[in-house]
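>>> Next input, structure requested:
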Amino acid sequence: MEYNDSHIEVLTNKATYKTKKLVIAGGAWNINLFDIPKLPLSIVRQVVGWFPSKNKTLFDKNKFPVWILQKGENHGYGFPEYGNRGLKIGIFNHLYEKISPDKYNKNITLKTLNYYQILPVILKVLKKEKISVHVCLPILQIQILYLINTLQQKIV
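Sure, this is the predicted structure:
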């Protein structure tokens, strides 16, 4: 990728593209894509799960909004049920595991699942089994700042 005053040029294995603006959505790899050492971001390992509810209409997307609960240092959040996936539940900052997006533990331990115990109100209305549990890689900001800005330098 090259940048000059008139355009940005992106070379791929299929073609070269020229544009005046470019948005890069590299997810957890954004931190490593640009050499900006003072960018206050951290990639963390977070586990989210989908759980069936005892009363599907209670958590329908038309009735149940996104929610956040706090107990001690941990915060839980959830999304309504969509289709047969179940209620999505995640725990913020459960282990503060800073990781590299190229190398991270994809295994889910009992210790991690025990963090769902902070959500007793929600757990009362869920069935005991889980549909699926996955690891995701959110990027946390150390301080508040705007991440969308214009490119002011040449990147090669």
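>>> now the end-to-end length of stretch 14-30.
One end of stretch 14-30 to the other measures 23 Å (C-alpha to C-alpha, to the nearest Å).
>>> er, stretch 81-98 actually
End-to-end for stretch 81-98, by C-alpha to C-alpha: 29 Å.
>>> cool, stretch 79-86 as well?
9 Å.
>>> Any chance you could list what contacts it?
50-53, 56, 59-61, 63-66, 87-88, 130-132 (C-beta atoms under 8 Å, 6 or more residues apart in numbering). C-beta here means a position set from N, CA and C on the backbone, and glycine is covered the same way.
>>> mind listing which of those residues are in strands?
50-51, 87-88, 132 (DSSP state E).
>>> Report the two members of those separated by the largest distance.
Within the ones in strands among the contacts of stretch 79-86, Leu87 and Ser132 form the most distant pair, 11.9 Å apart (C-beta to C-beta).
>>> per-domain residue ranges of this structure.
1-43+141-156, 45-137 (automatic domain parsing).
>>> lowest-confidence stretch among the ones you listed?
Per-stretch averages of pLDDT across the domains of the chain put domain 1-43+141-156 at the bottom, with a mean of 70.
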